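>>> Provide a 3D model corresponding to the input given below.
(one chain, ligands or ions: 1)
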Amino acid sequence: ATGSVVATPAQYDAEYLSPVSIGTPAQTLMLDFDTGSSDLWVFSSETPKSSVQGQTVYNPSKSSTAKKLSGATWKISYGDGSSSSGSVYTDKVTIGGLSVSNVAVESAQKVSREFTAEADLDGLLGLAFSSINTVQPTQQKTFFDMAKPSLDSAVFTADLKYGKAGKYNFGYIDDSAYNGSLTYTAVDSSNGWWMFTSPGYAVGSGTLDSTSITGIADTGTTLLLVPSSVVTTYYKQIRNARYDSSQAGYVFPCSTSLPSFTYAVGNSQIVIPGKYINFAPVDSAGSSCFGGIQSDEGIGFSIFGDVALKAAFVVFDGSQSPRLGFASK
Ligand SMILES: O=C(CNCCc1c[nH]c2ccccc12)Nc1scc(-c2ccccc2)c1C(=O)NCc1ccccc1
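The predicted model follows:
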């Protein structure tokens, strides 16, 4: 089997949302496919009304294939301080024509205000490794792990784009979606993430600096978060860039034309065009803009978020020895 689904960017490409059908008859929610976490959680009929502001909710009592996973709970929190928690059902989940039964669908009984504020986001679909799924007492498998036995090939691909719709494919690699060839690199999944080491980086047309960057391929994080030394080197090239402590990040005049950022993958390179690195205005006046490259200080590793991944076609190879493939497009 295979599946293919559109990934539509929210404002400023802050996240990408894909339609997912849950239950019988189908209840279609817009979920953020997240290779940085491993829980499929949704706004539901159990989410307090005061916490639901525009989201579409999953109602298990309206699904003939829903089963309560008795005694199971989940609770997750993210680095930005956001969090959610609740109960667990199993139900049929269909993504782009690919149907999987008995998938753990985590129903939110609590969501933090950051999620309530995201009116278009009805939940997350975790695509990291099942070893970091938060369901207790019995850890649950991700949609990808549940789908794997029926997939033509144990892979999924992310083809996110700048300011327009991209795609997630399951079970096959669309060789027409990228230029040149794929370069594969080793993954360390011991911490549950798609973690790899980039052997170097470059700013603009400069030469490659062989400072390696170890981080995770994370579609659920918006920005590219790298070591402070790399951040400093990048923004040193921009005359009016400055660290704004009130924003806790580098900002620059929105009119600035930005240098590209290149990250190496094995012997090849992915070039992030400068315009991808202007994330969003920090004020309504729109005079200063927040950079798409910021520090990974305090995380313990770097995060290749959407700013980095949307410059590439990315293969998440979940075979016996997982690996990541990157190609330019
Ligand atoms: O959690 C994910 C992926 N799912 C995000 C879902 C999500 C969280 N708010 C959302 C809001 C909307 C949509 C999805 C999400 N990735 C990882 S691995 C390590 C950290 C981390 C750990 C400690 C400190 C910092 C990061 C994060 C992290 O918190 N990223 C989000 C972030 C990172 C930095 C700044 C903001 C957010």
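
>>> Could you tell me the per-residue confidence at Leu17?
Predicted confidence (pLDDT) for Leu17: 99.

>>> Provide the secondary structure category for the residue nearest to it when sequence neighbours are not counted.
Distance criterion CB to CB, 6 or more residues apart in numbering; nearest residue to Leu17, sequence neighbours excluded, is Met30 at 4.2 Å. Backbone N, C-alpha and C define where each C-beta goes, glycine included. Secondary structure, DSSP: H, G, I helix; E, B strand; the rest coil: Met30 is strand.

>>> And for Met30, the neighbour number?
Residue crowding around Met30 was assessed by other CB atoms under 10 Å; the count is 17.

>>> tally of neighbours for the residue of the chain at minimum distance from the ligand?
The chain approaches the ligand most closely through Gly79 (2.1 Å), counting by CB to the nearest ligand atom. The local packing count at Gly79 equals 12, with neighbours defined by other CB under 10 Å.

>>> any idea whether it is helix, strand or coil?
Taking three-state DSSP, the label given to Gly79 is coil.

>>> and it, what are its phi and psi?
Here is the backbone geometry of Gly79 (degrees, to the nearest 10): phi -60, psi -20.

>>> going forward can the numbers begin at 664, since that is how I track them
Yep, numbering from 664; the last one is Gly742 now.

>>> Pull up the residues of the protein that are close to the ligand.
Selection of the chain residues close to the ligand by CB under 6 Å from any ligand atom yields 678, 695, 697, 699-700, 741-743, 745, 777, 781, 784, 787, 881, 883-884, 962.

>>> before we move on, back to that, is it true that the residue nearest to Leu680 touches Glu781?
No. Counting by CB atoms under 8 Å, Glu781 is not a contact partner of Met693; they are 10.1 Å apart.

>>> returning to that earlier point: what sits closest to the residue of the chain closest to the ligand if chain neighbours are left out?
In space, not counting the residues next to it along the chain, Gly742 is nearest to Ile962; the distance is 6.6 Å by CB to CB, 6+ apart.

>>> Same question for Thr896.
Among residues not flanking Thr896 along the chain, Val866 sits closest, at 6.1 Å (CB to CB, 6+ apart).

>>> Can you verify my assumption that that neighbour contacts Phe924?
Yes. Counting by CB under 8 Å, a contact exists between Val866 and Phe924, whose distance comes to 6.2 Å.

>>> Quick check on those two: which one has the bigger neighbour count.
Neighbours were tallied for Val866 and for Phe924 using other CB under 10 Å; the higher tally belongs to Phe924 (27 against 20).

>>> list the contacts for the nearest residue to the more buried one once chain neighbours are set aside?
Closest residue to Phe924 in three dimensions, ignoring its sequence neighbours and counting by CB to CB, 6+ apart: Ile935, at 4.6 Å. Under the criterion of CB atoms under 8 Å, 6 or more residues apart in numbering, the contact list for Ile935 reads 887, 923-926, 970-971, 974.
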